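Colleague: make a model of this:
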Amino acid sequence: MLRDALKSRKAHILLAVAGCYIAWQLWLTIAAPRKIADFGNAPEKVNVLITLPFPPERFHVQLFQTYGRVSGTQENAVEVRGVKRADLTTVARPYWVTRVEPLQPGG
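Modeller: This next block holds a predicted model:
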């Protein structure tokens with residue numbers, strides 16, 4: 001019965017979709033650390049500038065508020081203060097985040 005199910009076209013399509021989804025999630029996981037700049041010996045909580053390939057919208061600001069306090073936006077970036085260093089990879093994980101770097105003092 002399983003052998004017959006695996007021979008069907010629907011099973012092939014389902015396996016292809018599942019494979020694409022797993023590959024997408026794997027790519028997001030592998031790409032996230034590359035987007036994060038070196039924070040050196042920064043404390044447990046850091047102030048970050050998250051760069052997007054487009055101007056941030058309300059959705060992006062609200063999502064970043066879950067990781068810290070949003071203090072402003074720039075052209076294509078969001079300033080977030082008090083982000084735990086352990087959360088930086090999660091912040092960088094969405095495909096629309098291009099860079100996460102330390103927020104310059106006074107910025």
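
Colleague: contacts for the lengthiest helix in the chain, please.
Modeller: Scanning the chain for the longest helix, with DSSP state H as the assignment, gives helix 9-31. With contact meaning CB atoms under 8 Å, 6 or more residues apart in numbering, helix 9-31 is reached by 5, 93, 94, 95. The way it works is simple: take the backbone N, C-alpha and C, and place the C-beta from them, glycine included.

Colleague: show me the residue at the heart of the chain, geometrically.
Modeller: residue 93 (2.1 Å; CA atoms, centre = their mean).

Colleague: nearest residue to that one other than its sequence neighbours?
Modeller: residue 32 (4.5 Å; CB to CB, 6 or more residues apart in numbering).

Colleague: give me the pLDDT value at the one you found.
Modeller: Residue-level confidence at residue 32 comes out at 95, pLDDT.

Colleague: surely it meets residue 95?
Modeller: No - counting by CB atoms under 8 Å, residue 32 does not reach residue 95; the two are 9.8 Å apart.

Colleague: these two: who's more crowded?
Modeller: A count of neighbours by other CB atoms under 10 Å puts residue 32 above the other of residue 32 and residue 95, at 19 against 11.

Colleague: buried stuff in the longest helix of the chain?
Modeller: Within helix 9-31, no residue counts as buried by 16 or more other CB atoms under 10 Å.

Colleague: before we move on, the earlier item: out of the contacts of helix 9-31, who's nearest residue 64?
Modeller: residue 94 (10.0 Å; CB to CB).

Colleague: next, give phi and psi for the closest one.
Modeller: Backbone torsions for residue 94, taken as degrees, to the nearest 10, come to phi -60, psi 150.

Colleague: tell me the one of the contacts of helix 9-31 nearest residue 63?
Modeller: residue 94 (7.8 Å).

Colleague: from residue 53, how far out is that closest one?
Modeller: 11 Å (CB to CB, to the nearest Å).
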